[in-house]
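Asker: one predicted model, sequence on top.
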Amino acid sequence: MSYHADRFFAAVSVLAGHGHIKQRLIRAYEDNLTEIDEDDLPDAALEAFKDLRRRMQRVAPSNGEGHVCASVRKMSVEEASECAVALVALYSQIARASECEHAALARDGGERPGVPPFLVKTN
């Protein structure tokens, strides 16, 4: 799950950068989210990600551009902003799910931290 949280963090970082919202959205999605396997996402984020993917790939490409470029080009600035907000919300959901998963592993002994040597009592 950490991989997905990292990918979404990278996408959100691109969205927070410089440039027109459509350019940032295309770069954020193409560079970080196209390879995401939706079956590996937490259930809470699955439908929202499928919806985002549909919106980002709904237009058939032309003139050598890809689905994402064609779709975002046809969007209004408001639609592109809505997709950016959806991407940030997905990052939030996935990051929370990743934290919960990590905490559960620690509780179950999966990744239990050891006792630091300076805290071990010696005789």
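Answerer: Okay, I see it.
Asker: which strands and helices lie in contact with the worst-scoring helix or strand of the chain on mean pLDDT?
Answerer: Least confident helix or strand, the chain: helix 77-107 with a mean of 84, by mean pLDDT, DSSP states H and E. Other helices and strands packing on helix 77-107, by 3 or more Cβ pairs under 8 Å, 6 or more residues apart in numbering; DSSP states H and E, are helix 2-15, helix 21-32, helix 43-56. Where you see a C-beta, it was placed from the backbone N, CA and C, and this is true even at glycine.
Asker: do you know which of these lies nearest Ser62?
Answerer: Each of the helices and strands packed on helix 77-107 has some distance to Ser62 by Cβ to Cβ; the shortest is helix 21-32, at 15.4 Å.
Asker: which of the helices and strands packed on helix 77-107 sits closest to Glu79?
Answerer: When the helices and strands packed on helix 77-107 are compared by Cβ to Cβ, helix 43-56 sits nearest Glu79, at 7.7 Å.
Asker: buried residues in the closest one?
Answerer: Neighbour-count burial for helix 43-56, with 16 or more other Cβ atoms under 10 Å as criterion, is recorded at Ala45, Ala48, Phe49, Leu52, Arg53, Arg55, Met56.
Asker: and the second one, how far from Asn63?
Answerer: Using Cβ to Cβ, to the nearest Å, one obtains 31 Å as the distance from Ala48 to Asn63.
Asker: equivalent analysis for the first one, please.
Answerer: Counting by Cβ to Cβ, the separation of Ala45 from Asn63 is 33 Å.
Asker: ok, the fifth one next?
Answerer: In this structure, Arg53 and Asn63 are 22 Å apart, going by Cβ to Cβ.
Asker: again, but for the last one
Answerer: In this view, Met56 and Asn63 are 18 Å apart by Cβ to Cβ.
Asker: one more: the third one?
Answerer: In this view, Phe49 and Asn63 are 28 Å apart by Cβ to Cβ.
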